[in-house]
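Engineer: 3D, please:
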Amino acid sequence: MSTTPHQPIVRNKSTLAKLLASENITILHEKIPTAMFNLKTRTLFLPLWETASESTYDMLVGHEVGHALWTPAKEWVDGMDSIAKQTGCSTEQAKSYLNIVEDARIERLIKNKFQGLKRDFYLAYEYFVAQEFFGKPSTFPTACFADRLNLHFKLGIHSNVVIPFSSAESQFIPLMERTQSFQNVVDLAVKLIKFCKSQGQNHPVEMENDPSAEQQAGEGEEGEGEEGESSSKESSESKVSRQKPQQQHQQQELPTPSTNKMMEQAIEKMASTAKTSPMDNHYLCTLPPKHPNVIVTYNMILKDVDLIIASRPNHLELQKVLTPIKVKDYTDASRTMSQAFARKQAADLFHRSSVAKTGALDTLRMNSYRWSDDVFRRTVKIAKGKNHGIIILLDWSGSMQGIMRSTIGQLIILTDFCRRSGIPFEVFAFSDHIWTPNDFNNSSGEDLTNRVEKQYEKDNVKMHPIQLLNWLSSKMTNAEYEKGKSILWNWSEIDNCAKHNQYGLSGTPTTSALVEIVETIEEFKAKNNLQSTHLVVLTDGDSCDGFYLPSDRKNSDGSHRHRHSNIIISDPATGLKYNMEELDKTLAVQSTSVWIACDIIRKRTGTAIHWIKLHWSKGSPAHQIKGATELPNCNWKRDGFIRCAVDGFDTAIIVDQNRIARFQNGEIAHSAQSMLNTVSDNLNTAKSKTELQKAFIANQSAIGSLKSVATLIGETLGS
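Structural biologist: Model prediction:
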């Protein structure tokens with residue numbers, strides 16, 4: 001028998017199983033006794049063998065994929081309970097009989113669906129017989145009836161092994177050949193157990209010496225009519241009369257099938273004995289639902305800031321915090337964006353409008369009937385447009401300190417534009433610094449940070465505990481919105497006076513933020529009846545977190561396992577599974593964890609995800625970012641930004657952070673002003689028409705780059 005190393009098989013059979021199952025099931029190759037399929041987690045486990053034939057692996061894959069396709073998880077458990085209740089047997093016995101009948105059904109169905117598997121089943125079971133996986137062939141005739149049924153459908157069909165049956169037993173063969181639904185299987189298993197109970201431990205060889213003679217006698221009985229029936233009845237009565245009391249008691253005992261267990265033990269001996277394997281120590285980790293109290297609502301922030309201000313009545317700078325933000329450039333930019341959006345909506349409305357004639361006469365057109373027959377009323381039909389909504393995740397990390405106010409200014413332009421245009425929006429700052437309200441009294445020794453971290457400890461995948469600060473929202477009243485803008489603009493002064501430093505900058509847990517925001521997006525989309533939802537990740541750096549194993553997960557040698565490469569992430573909402581080891585090899589991205597989180601958001605909500613990176617560089621920075629490819633017609637020096645293709649995001653834009661820099665009072669920072677002065681001087685000193693044209697274009701680009709982030713985000717709403 002030809003053999004192949006198990007490493008290539010590990011790679012090839014994972015793909016084969018997914019193709020057969022027609023879904024992205026999880027494939028795990030581990031040192032286990034036999035192949036099995038977890039119906040609940042949709043995970044196929046395959047044994048690791050040092051030497052195994054292609055046919056054997058294909059047969060095991062085909063068998064377990066058959067369970068994946070046709071064995072329902074809930075009905076399987078309910079079926080066992082139902083069988084045990086109807087027959088009075090144990091749940092374990094019910095499982096054995098149910099498995100025998102179900103195996104026959106799913107193997108028949110998988111071979112009918114994929115004809116090429118028939119040869120693999122034939123060769124695999126032929127090998128199992130030769131290796132005595134089910135025991136010595138000489139013992140087959142004396143096995144209990146359920147085992148002989150199992151052997152018939154596994155070996156008799158595939159390996160031409162003749163299994164003897166009595167005429168009474170033979171009636172079950174066509175019944176098993178015709179099972180279609182899982183309910184058929186349950187019903188037949190009940191009938192099979194009741195029959196086996198009535199027969200006890202009797203075997204066909206005990207009832208007669210020649211199994212074929214029994215079948216011939218049965219055929220003769222059918223043809224001989226009443227005479228045959230009477231002779232059969234006499235024979236049956238004489239056998240019963242000759243039985244001993246002990247044998248009659250044994251008839252009430254249910255035999256326990258053993259062939260499947262023997263096969264598992266034989267396969268276990270073939271399992272790989274290697275200390276390590278390419279798929280060893282892999283863990284299936286299910287993403288948890290949104291953790292409670294992750295989101296700090298804008299009402300909580302407004303109330304908390306009021307307490308902070310009230311606690312420092314003599315702090316003059318703090319008392320000015322609630323002064324409304326008035327930056328002319330921001331106001332003009334949001335107004336311009338709103339007008340442009342309104343024009344685009346009007347154009348789109350015209351494009352979706354169509355004029356149709358009705359059958360009713362228009363009395364105002366009647367006087368023109370002599371030169372025009374168009375005297376009917378018209379109706380304008382407008383196709384339904386898209387409702388847009390936007391959620392912004394703002395990186396609330398320490399590296400944003402120098403450009404935070406500039407970035408907030410861009411957000412204010414955007415949120416003002418959304419309010420003017422009636423576009424629902426939410427702004428969340430994400431951080432791994434746990435928010436504690438100013439009036440929190442920890443005299444009891446309670447620590448809110450520890451409380452939040454304990455919530456994450458319950459998960460079977462390790463993520464950063466985070467908070468999402470809901471600074472601004474379209475749900476705010478006008479007064480709340482203006483107050484919220486002022487608080488956000490002056491966040492630093494507020495944090496300096498806060499009791500618990502609750503608004504301080506910290507790390508960049510992008511992965512956790514994306515996972516926690518999924519359910520919020522679903523709620524946001526449903527509540528606002530949105531057809532098009534956009535998520536913007538506004539950051540200046542890479543994620544500091546990812547998916548990891550909890551500290552209690554250990555390797556086979558007892559050492560702790562913290563790396564993420566041996567994790568398979570499962571999303572219970574979609575059933576999708578992500579093998580991080582495989583993705584690490586195939587994706588060219590900064591963070592595989594972020595890519596997975598983005599894909600989950602896209603699959604669950606249909607949201608378009610936009611990545612905007614604030615960056616400082618004299619030249620185009622695309623080559624500095626792993627997996628980023630600069631798109632055509634980009635000019636970093638001229639525009640102050642470039643568009644890129646980044647795997648995992650629908651759009652990606654890198655923005656020169658110096659172009660948007662602002663001081664605390666809203667004035668343009670030196671770096672941005674220097675750039676404006678340069679282009680302005682070039683405009684004034686232009687000596688030719690060509691120089692004037694170039695200087696004018698550069699001047700417009702420089703002015704536009706001051707509001708580049710807000711403008712670029714606003715463009716996504718029209719897509």
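Engineer: direction included, what does the helix or strand K613 falls within pair up with?
Structural biologist: In the assignment (DSSP states H and E), K613 maps to strand 608-615. When sheet partners are counted by DSSP bridges, strand 608-615 sits next to strand 532-539 (parallel), strand 651-656 (parallel).
Engineer: can you give me the mean pLDDT across that strand?
Structural biologist: For strand 608-615, the mean per-residue pLDDT is 87.
Engineer: tabulate the CA atom coordinates of it in PDB.
Structural biologist: Only the C-alpha atoms of strand 608-615 are listed here, as PDB (Å, rounded to 0.1, in the frame of the first residue of the first chain):
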ATOM      1  CA  ALA A 608     -17.500  49.700   4.100                       C
ATOM      2  CA  ILE A 609     -14.400  50.200   6.200                       C
ATOM      3  CA  HIS A 610     -12.000  53.100   5.500                       C
ATOM      4  CA  TRP A 611      -8.500  53.400   7.000                       C
ATOM      5  CA  ILE A 612      -7.000  56.900   7.400                       C
ATOM      6  CA  LYS A 613      -3.500  57.100   8.700                       C
ATOM      7  CA  LEU A 614      -2.000  60.300   9.800                       C
ATOM      8  CA  HIS A 615       1.600  60.300   8.900                       C
END
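Engineer: can you name the next helix or strand after that strand?
Structural biologist: By DSSP H and E, the next helix or strand past strand 608-615 is strand 628-630.
Engineer: mind giving me the packing neighbours of that following strand?
Structural biologist: The helices and strands touching strand 628-630, judged by 3 or more CB pairs under 8 Å, 6 or more residues apart in numbering; DSSP states H and E, are strand 641-646. Where C-beta positions appear, they are placed from N, C-alpha and C, glycine not excepted.
Engineer: buried residues in the strand it packs on?
Structural biologist: Buried residues in strand 641-646, counting neighbours by 16 or more other CB atoms under 10 Å, are found at F641, I642, R643, C644, V646.
Engineer: quick check: bridge partners of the third one?
Structural biologist: Counting by DSSP bridges, R643 forms beta bridges with I653.
Engineer: residue contacts, F145?
Structural biologist: Residues near F145 by CB atoms under 8 Å, 6 or more residues apart in numbering: F165, E169, F195, C196, Q199, H203, P255.
Engineer: do the same with T323
Structural biologist: T323 neighbours (CB under 8 Å, 6+ apart): S486.
Engineer: how close does it get to K483?
Structural biologist: Taking CB to CB, to the nearest Å as the measure, T323 falls 10 Å from K483.
Engineer: same check, this time on M36
Structural biologist: 59 Å.
Engineer: neighbour count for the two, which is higher?
Structural biologist: K483 (20 against 17; other CB atoms under 10 Å).
Engineer: look at that one and report its pLDDT.
Structural biologist: Per-residue confidence (pLDDT) for K483: 93.
Engineer: about what we covered before: may I ask which of the buried residues of strand 641-646 comes out lowest in pLDDT?
Structural biologist: In terms of pLDDT, F641 ranks lowest among the buried residues of strand 641-646, with 80.
Engineer: number of residues surrounding the closest residue to A146 other than its chain neighbours?
Structural biologist: In this structure, A146 finds its nearest non-sequential neighbour in P257, 4.3 Å apart by CB to CB, 6 or more residues apart in numbering. By other CB under 10 Å, 22 other residues sit near P257.
Engineer: so P257 sits in a strand?
Structural biologist: No - according to DSSP: H, G, I helix; E, B strand; the rest coil, P257 belongs to no strand; its state is coil.
Engineer: so who does it touch?
Structural biologist: P257 sits next to S96, Y97, I100, C144, A146, D147, N150 when contact means CB under 8 Å, 6+ apart.
Engineer: among the residues you listed, the buried ones, what's the ChimeraX command?
Structural biologist: To isolate the buried members of the contacts of P257 in ChimeraX, using 16+ other CB under 10 Å:
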select :96,97,100,144,146,147,150
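Engineer: just to revisit the earlier point, can you put the strands paired with strand 608-615 in a markdown table and add distance to E126, mean pLDDT and mean neighbour count?
Structural biologist: As requested, those are exported to a markdown table (distance: least, CB to CB, whole Å; pLDDT from 0 to 100; neighbours: other CB atoms under 10 Å):
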| stretch | distance to E126 | mean pLDDT | mean neighbour count |
| --- | --- | --- | --- |
| strand 532-539 | 56 | 90 | 23 |
| strand 651-656 | 56 | 84 | 24 |
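Engineer: could you export those as TSV, including distance to G398?
Structural biologist: Shown next, in TSV, are the strands paired with strand 608-615 (distance: least, CB to CB, whole Å):
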stretch	distance to G398
strand 532-539	12
strand 651-656	19
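Engineer: L175: which of those strands is closest?
Structural biologist: Nearest of these to L175, taken as CB to CB: strand 532-539 at 53.3 Å.
Engineer: I'd like the next helix or strand past that closest one.
Structural biologist: strand 567-570.
Engineer: sheet partners, orientation included, of that next one?
Structural biologist: Each strand paired with strand 567-570, and its direction, by DSSP bridges: strand 283-286 (parallel), strand 577-579 (antiparallel).
Engineer: each with direction, which strands does the helix or strand containing L468 pair with?
Structural biologist: Secondary structure assigned from DSSP H and E places L468 in strand 467-473. Strand 467-473 has the following sheet partners, assigned by DSSP bridges: strand 295-296 (parallel), strand 425-431 (antiparallel).
Engineer: alpha carbons of the strand or helix carrying K191, in PDB - could you do that?
Structural biologist: Taking DSSP H and E as the criterion, K191 maps to helix 182-199. Provided in PDB are the C-alpha atoms of helix 182-199 (Å, rounded to 0.1, in the frame of the first residue of the first chain):
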ATOM      1  CA  PHE A 182     -32.500  12.200   9.700                       C
ATOM      2  CA  GLN A 183     -36.000  11.400  11.200                       C
ATOM      3  CA  ASN A 184     -36.000   8.200   9.100                       C
ATOM      4  CA  VAL A 185     -32.700   7.300  10.800                       C
ATOM      5  CA  VAL A 186     -34.100   7.900  14.300                       C
ATOM      6  CA  ASP A 187     -37.300   5.900  13.600                       C
ATOM      7  CA  LEU A 188     -35.200   3.000  12.100                       C
ATOM      8  CA  ALA A 189     -32.800   3.000  15.100                       C
ATOM      9  CA  VAL A 190     -35.800   2.600  17.400                       C
ATOM     10  CA  LYS A 191     -37.100  -0.300  15.400                       C
ATOM     11  CA  LEU A 192     -33.600  -1.900  15.300                       C
ATOM     12  CA  ILE A 193     -33.200  -1.700  19.100                       C
ATOM     13  CA  LYS A 194     -36.600  -3.200  19.700                       C
ATOM     14  CA  PHE A 195     -35.800  -6.000  17.300                       C
ATOM     15  CA  CYS A 196     -32.400  -6.700  18.800                       C
ATOM     16  CA  LYS A 197     -33.900  -6.800  22.300                       C
ATOM     17  CA  SER A 198     -36.400  -9.400  21.100                       C
ATOM     18  CA  GLN A 199     -33.600 -11.500  19.600                       C
END
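Engineer: buried ones in that helix?
Structural biologist: 182, 185-193, 196-197, 199.
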